[in-house]
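**Student:** The following comprises the amino acid sequence and a computationally predicted model.
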Number of protein chains: 2
Amino acid sequence: MPELRKDPVLGRWIIIARERGKRPSDFVIAESPTTGGFCPLCHGNENTTPHEVLVYGRDHGAPDSPGWKVRVVPNKYPALVIEGDLNREGEGLYDKMNGIGAHEVIVESPLHDDTFSSLAAEHLVMVFKAFQARIRDLEHDDRFRYVLIFKNFGKAAGASLEHSHSQLVALPILPRKIESELTGALTYYNYKERCVYCDIISQELKQDVRVVCRNDSFITITPFAPRTPFEMWILPISHSSAYHDQSEEQLKDLAEIFSESLSRLDACIPNVPYNFVLHTQPLRSQHMSHFHWHFEIVPKLTSIAGFEWGSGFYINPMPPEEAASYLRESLERLS
Amino acid sequence: MPELRKDPVLGRWIIIARERGKRPSDFVIAESPTTGGFCPLCHGNENTTPHEVLVYGRDHGAPDSPGWKVRVVPNKYPALVIEGDLNREGEGLYDKMNGIGAHEVIVESPLHDDTFSSLAAEHLVMVFKAFQARIRDLEHDDRFRYVLIFKNFGKAAGASLEHSHSQLVALPILPRKIESELTGALTYYNYKERCVYCDIISQELKQDVRVVCRNDSFITITPFAPRTPFEMWILPISHSSAYHDQSEEQLKDLAEIFSESLSRLDACIPNVPYNFVLHTQPLRSQHMSHFHWHFEIVPKLTSIAGFEWGSGFYINPMPPEEAASYLRESLERLS
């Protein structure tokens, strides 16, 4: 059973997910995702994964059979496990709890060579709907306080499988970063009676130096204080705190801008490894006037070294205004 | 001129240190440190670095000449620059300031093939004295609030030069991580009237499952909630908030335990890349009853991926009790 442990000074939680029998000599930096060979996420290999919890695009046929377009399955090597009661305990001055949670894989396509940015818009809409459906479903489980959806693309960004997929982790505690965002946004709201993200969008539209692209519902910007070169945020233009409340029409616009943003990134730096994360309101929250859901896309182009570990500062060699200008021109340069 | 920028939601600062003329295609993950070829940190090449600001072991001879044992020079490619006045300004809702600071390199040995853990104890004491001397000197500069000392060892941990060195960055603002530690430690102190780190040490000595080694003045533990496999903290056993106040006698004990801790790590995982950071009190602070200076050693064995970026959580496959047990046995196994 994995374990959640809290740093007694910082309040930072970590997950001890012991890999059985791993000895010191087995610890090496994650090597390249499997290239070639057997892929458990490919169509035809459905019986090699745990049983699917959601599937789109298969109208007939048995569960765990081919014919699907998007498929969600529990992670075979979960960081947290779904069975059991939450059990909080102390150990002297330390705090821990058993590692209850959900860890799922959203397989974005049956085809091995598809990538997130190459999927057709209507296919991507299905992926975004799957994110919504899983959040709505896990919201019924009172043990969980947050569902974090994220993607690791490319070996340097931590992907262990090549086949296009994202992941979801349901957590019994509110992650520190979400808590900081909620607190920061609430402080701003209490002072100004305005959502800080809405103010960011309005300033970005006015300044127009960090806007990468926009459509009717969404805007992609390079944030003012980015952690890495070419970091991008995708935000709904109209205020909304809950990703799972977006309409199908809005998800179409989301698919369009996500695809365009990643294509622009790819045109600047072909095949760049990246992570994306979805930040939305905590489970079972009421609508929040101060929080604004968004995606953060973080390309893996710089390394986290002693300075970052020690300070929490990031050093970024690329001003976001320049990154935005490269991203704006990138597709036009190619055509 | 570099620029410091603040995220308007999180209050997180980043440094924009533009590398002139860098185009998107120039961004690749830092490749291996220079192996072989010319090394600017080797003895005999002193004229290829900026002028030294501190030197130990050279009794005669001109500045920037050979014959030294430890040498501190400004970083040739600084993240922050030393000349100029602090200039804070807003840009709409955003905050920024110009990138004033110091960025120095502590060259730990004149010989290219020495490593931190292979240096003789009396040599290592000189390195630790150099850290103290630089903190004391930079404390006189009112523009700076903190001096962060850290080391990147090995390419995966961000080292760009192979020659043994650590680095120092003096910052005009208190780094977020230090601030969080100070706040967490103060909260604990206000509640218990005891230093949380002193309590940690006392519990660790009693439980004796996460102690790696100890001597008269210091203890090395694997922390209860480690971010990575084999993370270690080195703490003075007697309460002290200021690293630069340690006596020469204590620095000898520090050299001994640091060397032993790294040798144990190296015996477990030969040549493992790692970072270490020194967390000490802010510049010009009075003695703090609630804070306890320490080193954190973070081996680079797992990758930071979407889950970590998005949540602030870390997933660690190695329980610290097991890591401590491997580290305790490692040297004995070798001999």
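**Tutor:** Structure received.
**Student:** now the strands: where do they sit in the stretch 51-200 of chain A?
**Tutor:** Remark: strands assigned in the stretch 51-200 of chain A by DSSP state E, counting those that start in this stretch are A:54-56, A:70-74, A:88-91, A:94-98, A:102-107, A:146-153, A:165-171.
**Student:** Relative to residue B:245, which of these is closest?
**Tutor:** Residue B:245 lies closest to strand A:94-98 among those, at 28.8 Å (CB to CB). C-betas here are computed from N, CA, C, even on glycine.
**Student:** and the closest one, does that touch chain B?
**Tutor:** Yes - applying CB under 8 Å from any CB of the partner chain, one finds strand A:94-98 touching chain B at residue A:94.
**Student:** which other helices and strands contact that strand?
**Tutor:** strand A:3-6, strand A:88-91 (3 or more CB pairs under 8 Å, 6 or more residues apart in numbering or on different chains; DSSP states H and E).
**Student:** avg pLDDT for that strand?
**Tutor:** Mean pLDDT, strand A:94-98: 95.
**Student:** For whichever residue of the stretch 1-150 of chain A sits closest to chain B, grab the count of nearby residues.
**Tutor:** Per CB to the nearest CB, residue A:150 is where the stretch 1-150 of chain A lies closest to chain B, at 3.2 Å. The number of residues packed near residue A:150 is 23, by other CB atoms under 10 Å in any protein chain shown.
**Student:** Let me see the contact set for the residue lying closest to it once chain neighbours are set aside.
**Tutor:** With CB to CB, 6 or more residues apart in numbering or on different chains as the criterion, residue A:150 has its nearest non-adjacent residue at 3.2 Å, and that residue is residue B:306. The contact partners of residue B:306, by CB atoms under 8 Å, 6 or more residues apart in numbering or on different chains, come to A:150-152, A:157-158, A:167, A:275-277.
**Student:** Does residue A:96 touch residue A:6 like I think?
**Tutor:** Yes - judged on CB atoms under 8 Å, residue A:96 makes contact with residue A:6 at a distance of 6.9 Å.
**Student:** just to revisit the earlier point, dump the contacts of residue B:306 into CSV; add pLDDT as well.
**Tutor:** As requested, the contacts of residue B:306 are exported to CSV (pLDDT from 0 to 100):
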residue, pLDDT
A:150, 97
A:151, 97
A:152, 96
A:157, 89
A:158, 88
A:167, 97
A:275, 96
A:276, 97
A:277, 97
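**Student:** can I get the residues you listed in a markdown table with distance to residue A:201?
**Tutor:** Shown next, in a markdown table, are the contacts of residue B:306 (distance: CB to CB, whole Å):
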| residue | distance to residue A:201 |
| --- | --- |
| A:150 | 23 |
| A:151 | 23 |
| A:152 | 28 |
| A:157 | 27 |
| A:158 | 30 |
| A:167 | 28 |
| A:275 | 23 |
| A:276 | 19 |
| A:277 | 19 |
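**Student:** Please identify which of those residues is nearest to residue A:189.
**Tutor:** Nearest member of the contacts of residue B:306 to residue A:189, counting by CB to CB, is residue A:277, at 22.2 Å.
**Student:** Next, give phi and psi for the nearest residue to that closest one once chain neighbours are set aside.
**Tutor:** The shortest distance from residue A:277 to any non-neighbouring residue, by CB to CB, 6+ apart, is to residue B:310 (3.0 Å). Main-chain torsions, residue B:310, degrees, to the nearest 10: phi -80, psi -30.
**Student:** Let me see the contact set for residue B:310.
**Tutor:** Counting by CB under 8 Å, 6+ apart, residue B:310 touches A:148, A:150, A:175, A:177, A:275, A:277-279, A:296.
**Student:** For the nearest residue in space to residue A:134 that is not next to it in sequence, give me the pLDDT.
**Tutor:** Nearest non-adjacent residue to residue A:134, counting by CB to CB, 6+ apart: residue A:168, 5.6 Å away. pLDDT, residue A:168: 97.
**Student:** what does residue A:267 give?
**Tutor:** At residue A:267, the pLDDT value in this model is 93.
**Student:** Send me the helix or strand where it lies as CSV with only the CA atoms.
**Tutor:** Assigned by DSSP states H and E, residue A:267 belongs to helix A:248-268. Taking only C-alpha atoms (Å, rounded to 0.1, in the frame of the first residue of the first chain), the coordinates of helix A:248-268 have been written out as CSV:
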residue,chain,number,x,y,z
GLU,A,248,-19.6,20.7,-26.0
GLU,A,249,-19.4,23.9,-28.1
GLN,A,250,-16.7,25.2,-25.8
LEU,A,251,-14.8,21.9,-25.9
LYS,A,252,-14.7,22.3,-29.7
ASP,A,253,-13.1,25.7,-29.3
LEU,A,254,-10.7,24.2,-26.7
ALA,A,255,-9.7,21.3,-29.1
GLU,A,256,-9.1,23.9,-31.8
ILE,A,257,-6.9,26.2,-29.7
PHE,A,258,-5.0,23.4,-27.9
SER,A,259,-4.2,21.8,-31.3
GLU,A,260,-3.1,25.2,-32.7
SER,A,261,-1.0,26.0,-29.6
LEU,A,262,0.8,22.7,-29.7
SER,A,263,1.3,22.9,-33.5
ARG,A,264,2.9,26.3,-33.0
LEU,A,265,5.2,25.0,-30.3
ASP,A,266,6.1,22.0,-32.5
ALA,A,267,6.8,24.3,-35.4
CYS,A,268,9.2,26.3,-33.2
